[in-house]
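J.: mind looking at a prediction? Sequence and model below.
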Amino acid sequence: MTDMTREAMEYDVVIVGAGPAGLSAAIRLKQLDAECQVVVLEKGSEVGAHILSGAVLDPCGLDALIPDWKEKGAPINTPVREDKFYMLGEGGKVRVPNWPMPPLMNNHGNYIVSMGNVCRWMAEQAEELGVEIFPGMACSEMVYGENGEVKGVVAGEFGRNEDGTPGPSYEPGMELHGKYVFLSEGVRGSLSKEVIGKYDLSKGHEPQKFGLGMKEIWEVDPAKHREGSVTHTMGWPLGSNAGGGSFIYHLENNQVYVGFVVHLNYQNPHLYPYMEFQRFKHHPMVADLLKGGKRVAYGARAITEGGYQSMPKMVAPGVALLGCSVGMVNVPRIKGNHNAMLSGKAAAEAAHEAIKAGRTSDELGDYETEVRTGAIGKDLKKVRNVKPLWSKYGLLASLTVGGFDMWTNTVGFSLLGTLNHGKTDAEATGLAETHKKIDYPKPDGKLSFDRLTNVSFSMTNHEENQPAHLTLKDANVPISVNLPKYAEPAQRYCPAGVYEVVHEEGKEPRFVINFQNCVHCKTCDIKDPSQNIHWVTPQGGDGPNYPNM
């Protein structure tokens, strides 16, 4: 497709992704200059359709952006009223007291929210200010200028056949050019990945680390519901097989968010993160809560966990990376939305000053400085050693040494300096022959469910007659390399059942990609030990349609 066949539209700032970072940037740009031309492009069918988060929200980011959010009707109605942490064994639990934890771990003043609904409300605020928001517009390509700077993006291409050729209703999409482009795609965004690689933005930084978060919404017996209750657990069922834990959040209307996170640096390729989540719900503490209830929604999304030392350079000529495109999650707090909002605000302020000074398509260095030295950097620096301690020495070291390090960082110093992460999550994957297989109980259909049944509760849909958006660099690798070496872990790490190895009598095994199931979590792009799977965006509007995630 040549540039000549596409129309182009000009803006001051083009924003890719209508999450908390992108929408915060759009709102702040319009607050600073009502005449600023801002467009937000969202690949989901509507704003919020692809948003999945816990979420307990620290409102500091929203306070800085829209101080009167309560008066403006933000869907933030459930303050945290109780905050509990447990270590689980297979049949029991031990309550960990709150008092030894540093103050940053306190959830007082925070809110249980649906970030999808918060983003829908933020989009309304942005549109009232004059921001143009286009949902169902997937951005498939970057547009570069003559000097290698980012000039814009290609969005809205529709109608390619399964083999990639233009179909009868093909639309080439259009180019959207900006003086600056903000990439706020969330974790492992395809354009962000391209830009990080093109400009070598990870040079001098630790590799990014990730987790896989899976979440169900349950309607529970009103007698068991405790609005405002927050519970986190560690330990069983993962044990020493992997890092991770769970969350159980009671919001309004007898609804409970039940979630499970598995750190993706696990070694055993036989580990099945989705089934660990399903097994977790059979713990007596959880089963007692859910019995008599009803699961109403399911979803999954990768999480950035590398923290302070893994944030790449955030700017290149004409482009800035925002929120989880960089990786701004505070892992022990299990929070990143506040930092995403603050990053959007900071990027907007840097772009506003640049445009006001007559600059265009250069590096927004002031944005990076603010992120690293301001509130975001301070938030992440305090906890920077928790994840590497957990990865290298296990849960106990993370809780004890990591907890002590968070205390000392609270008063401004660390005896440990800054620890490194080492391997990528893909490189951490061990050989199948050196690890034990794990026997998982069959889902009972009441508390636990098979993957495909649960995927139907994500309301995921993809147009079938289009190229698969899960591409292989080498189609032979899954069977010739990954199967004998790693028992092809894509069959297990995918929380949506996209990947299968099909065995038929008298035939060689086949690797099958059921891309229609994909919930856009990006785990395959991260964890594939051969780094052979490349996630690209399908046509706009496809994917999950999360209601209240």
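T.: Cool, the structure landed. Every value quoted in this text rests on a predicted model; they were computed, and no experiment measured them. Numbering: from 1, shown residues only.
J.: and for the nearest residue to Pro237 once chain neighbours are set aside, the neighbour number?
T.: Once flanking residues are discounted, Pro237 sits nearest to Arg279: 4.8 Å by C-beta to C-beta, 6 or more residues apart in numbering. (Glycine included, C-beta is placed from N, CA and C.) When neighbours are counted by other C-beta atoms under 10 Å, Arg279 registers 21.
J.: how about the secondary structure of Arg279?
T.: For Arg279, the assignment made with DSSP: H, G, I helix; E, B strand; the rest coil gives helix.
J.: got it, and Pro237?
T.: Strictly by three-state DSSP, Pro237 counts as coil.
J.: if we can go back for a sec, residues in contact with the residue nearest to Pro237?
T.: Contacts of Arg279 were listed using C-beta atoms under 8 Å, 6 or more residues apart in numbering, and they are 237, 440-441, 448.
J.: of these, closest to Gly365?
T.: Nearest to Gly365, judged by C-beta to C-beta, of the contacts of Arg279 is Pro237 at 46.2 Å.
J.: for the stretch 151-300 of the chain, just list every one of the helices.
T.: Ranges of helices in the stretch 151-300 of the chain, per DSSP state H, counting those that start in this stretch, are 190-198, 273-280, 284-290.
J.: now what about the last one, what contacts it?
T.: When you say that, I think you mean helix 284-290. Helix 284-290 is touched from outside by 86, 88, 91-93, 218, 220, 224, 233, 246, 248, 256, 258, 280-281, 447, with contacts defined as C-beta under 8 Å, 6+ apart.
J.: that helix - what's its average pLDDT?
T.: For helix 284-290, mean pLDDT rounds to 99.
J.: which parts of the helix ranked longest in the chain are buried?
T.: Determined from DSSP state H, the single longest helix within the chain is helix 337-356. Neighbour-count burial for helix 337-356, with 16 or more other C-beta atoms under 10 Å as criterion, is recorded at 337-352, 354-355.
J.: now swap in stretch 214-232 and tell me
T.: 214-220, 225, 227-232.
J.: now flag whichever of the residues you listed is closest to Met137.
T.: Met137 has its nearest neighbour among the buried residues of stretch 214-232 in Lys215, at 25.8 Å by C-beta to C-beta.
J.: now the spatially closest residue to the closest one that is not a sequence neighbour: how far from Asn241?
T.: Leaving out its chain neighbours, the residue that sits closest to Lys215 by C-beta to C-beta, 6+ apart is Gly259, at 4.1 Å. Distance, Gly259 to Asn241, using C-beta to C-beta, to the nearest Å: 19 Å.
J.: the more surrounded of these two?
T.: Per other C-beta under 10 Å, whichever of Gly259 and Asn241 has more neighbours is Gly259, with 25 against 17.
J.: list the contacts for the more buried one?
T.: By C-beta under 8 Å, 6+ apart, the contact set of Gly259 is 54, 213-216, 246-249.
J.: selection in PyMOL covering whichever of the contacts of helix 284-290 are buried, please.
T.: This is how PyMOL selects the buried members of the contacts of helix 284-290, with burial counted by 16+ other C-beta under 10 Å:
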select buried, resi 86+88+93+218+220+233+246+248+256+258+280+281+447
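J.: so of the contacts of helix 284-290, which ones are in strands?
T.: Among those, the members found in strands (DSSP state E) are 86, 88, 93, 218, 233, 246, 248, 256, 258.
J.: tell me the most buried of the helices of the stretch 151-300 of the chain?
T.: Of all the helices of the stretch 151-300 of the chain, helix 273-280 has the most neighbours on average by mean count of other C-beta atoms under 10 Å, namely a mean of 24.
J.: what pLDDT, on average, does it get?
T.: Mean per-residue pLDDT for helix 273-280: 99.
J.: ok, stretch 369-387 next?
T.: On average, stretch 369-387 scores 96.
J.: quick check: end-to-end length of that stretch?
T.: With C-alpha to C-alpha, to the nearest Å applied, stretch 369-387 spans 24 Å between its terminal residues.
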